[in-house]
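Asker: Predicted model follows, preceded by the sequence.
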Amino acid sequence: MEFTKFKLNKQLLQAVSQAGYRQPTPVQEKVIPLITAGHDVMGIAQTGTGKTASFLLPVLKKVGYAQGASPRVLILAPTRELVTQLYQETIKLSQYTDIRSLAVYGGIGPKDQIQALEQGTDIILATPGRFLDLYGRGCIPVKTLKTLVLDEADKMMDMGFMPQIRSILEVIPLKRQNLLFSATMPSSVIELSEEFLEFPQKVEISPSATTAETVKQFAYHLPNLKTKINLLHHLLTNTKAFNKVIVFVRTKKTADNIYKYLVRSTEGEVRVIHSNKGQNTRINSLNAFKNGEVRVLVSTDVAARGIDASMVSHVINFEVPVVYEDYVHRIGRTGRAEHPGIAITFYDPSEAYHLKKIEKLIKQQIDRHPVPPEVIIEKTSFKEQQIINRAIDRQRQIEDPTFQGAFHKKQKGRSKRRFGNRK
Ligand code: AMP
């Protein structure tokens, strides 16, 4: 087995083999030896690349076995879902050792977590806020911490966790190994890495390479929302191929509408997750989706970020994301590690612009497929056409600030007349 070259102990190799990992992914090839050698590491890699195991395996190797009551590793992640997921991965990979791990996060009362901390642990996985809360109550001994991992650092920055992270850095020992992982590298993450990493070794797994290797991507050009729904319905009737599907939308409202439609019209269990759903509902839906009880999960970008649901058969972008990096995150849900996946994007005339930008970002042409003949092409309503035209005008203006859109001209003319009448 190729993992043997990392000189992991046999309990870890057994867990790797049990997890079905046959060979290390590119990020693991690079990161495992660096962490083992004691370096600080900055890893730019998305979920789906195997980045979690790339830090967990060498960290577990370093921890070795259960010892004392105080934790030696702190792993921070931005959301409860991500902490839970990291925790599950830690349990999976440490199952043949006696290493103890504990997940602490907000959204529920701290009592059980405090009790669990009193039992002693080797690894703490936490959201920054809850960690500080428990530390403030004197429940977390920090003197023994030797490794700090920040996972999904870009999302932590987006969510405004910088002050909490600074406070945490102030209370933990200076002498420690630091590992930072992020899907993207905005200036906030660079700033964070400068504050927090010492002579880091940088490993970057390019998103285009990751998406290109394992995900088949194509797109359908559709005139309007109703036709999009017809195509979605048509695709989902193929229950055999489309057995584990995430449908991505831009807004909570669309998420709810699509969900309601699918519940009525599609075979198999459907769930929806977005930020208005309670934490527990979200976790339950995600777990049910992971276990295969739910066939179709409708989600917004925020809710699904970083979530690993292995073996997703299809990602359907019902709407093109306007934050272009979200496209990479979305399609990263399928084709994870070694399993091939399919990502399908629906776009209307106002979204063609964004799709082009995405192609530029991923340095790849996305194939356009003709709409299947069974799908009814609906007529675009006057209102929807207006919204589309307005969006196209705006895009043209962004590209060429002197451009006066047809729509805007008309508006101007009308308002002038109105003013004229009033006078
Ligand atoms: P991650 O990028 O850490 O979210 O990992 C994505 C998925 O790939 C998870 O389901 C892992 O269990 C799986 N995985 C991690 N490493 C490997 C590997 N070497 N071979 C196959 N699957 C892996």
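Answerer: It's in. All of these numbers come straight from a predicted model, not from anything done at the bench.
Asker: Roughly how far does the closest residue to residue 107 other than its chain neighbours sit from the ligand?
Answerer: Leaving aside its sequence neighbours, residue 107 sits nearest to residue 279 (Cβ to Cβ, 6 or more residues apart in numbering; 4.2 Å). C-betas here are computed from N, CA, C, even on glycine. Distance, residue 279 to the ligand, using Cβ to the nearest ligand atom, to the nearest Å: 20 Å.
Asker: could I get the host helix or strand of residue 298 in CSV with only the CA atoms?
Answerer: Residue 298 belongs to strand 296-299 when assigned by DSSP states H and E. Backbone C-alpha positions of strand 296-299 (Å, rounded to 0.1, in the frame of the first residue of the first chain) are rendered in CSV as follows:
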residue,chain,number,x,y,z
VAL,A,296,-32.2,14.9,-3.4
LEU,A,297,-30.8,17.8,-1.3
VAL,A,298,-31.7,21.3,-2.2
SER,A,299,-29.1,23.8,-0.9
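Asker: contacts for that strand?
Answerer: Strand 296-299 is contacted from outside by 236, 245-249, 255, 258-259, 262, 266, 268-274, 285-286, 289, 304, 309, using Cβ atoms under 8 Å, 6 or more residues apart in numbering.
Asker: Recalculate using a threshold of 6 Å.
Answerer: 245-248, 255, 258-259, 262, 270-273, 289 (Cβ atoms under 6 Å, 6 or more residues apart in numbering).
Asker: Could you pick out which of those residues are located in strands?
Answerer: Counting by DSSP state E, the contacts of strand 296-299 place 245, 246, 247, 248, 270, 271, 272, 273 in strands.
Asker: end-to-end on stretch 214-233?
Answerer: Start-to-end span of stretch 214-233 (Cα to Cα, to the nearest Å) is 25 Å.
Asker: Flag every buried residue along the one helix or strand residue 356 maps to.
Answerer: For residue 356, the host element (DSSP H and E) is helix 352-362. Across helix 352-362, burial judged by 16 or more other Cβ atoms under 10 Å covers 353, 354, 355, 358, 359, 362.
Asker: and if you look at stretch 370-387?
Answerer: 371, 375, 378, 380, 384.
Asker: Quick one: mean pLDDT for it?
Answerer: Stretch 370-387 comes out with an average pLDDT of 96.
Asker: So which residues make contact with it?
Answerer: For stretch 370-387, the surrounding residues in contact (Cβ under 6 Å, 6+ apart) are 220, 223, 224, 226, 227, 230, 231, 234.
Asker: Any chance of TSV for those, columns pLDDT and secondary structure?
Answerer: What follows is the contacts of stretch 370-387, written out as TSV (pLDDT from 0 to 100; DSSP: H, G, I helix; E, B strand; the rest coil):
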residue	pLDDT	secondary structure
220	98	strand
223	97	coil
224	97	coil
226	96	helix
227	97	helix
230	96	helix
231	97	helix
234	96	helix
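Asker: quick check, nearest of the residues you listed to the ligand?
Answerer: Closest approach to the ligand among the contacts of stretch 370-387 (Cβ to the nearest ligand atom): residue 220, at 27.6 Å.
Asker: which residues touch the residue of the stretch 51-200 of the chain found nearest the ligand?
Answerer: Using Cβ to the nearest ligand atom, the single residue of the stretch 51-200 of the chain nearest to the ligand is residue 52, 3.1 Å away. Residue 52 makes contact with residue 89, according to Cβ under 6 Å, 6+ apart.
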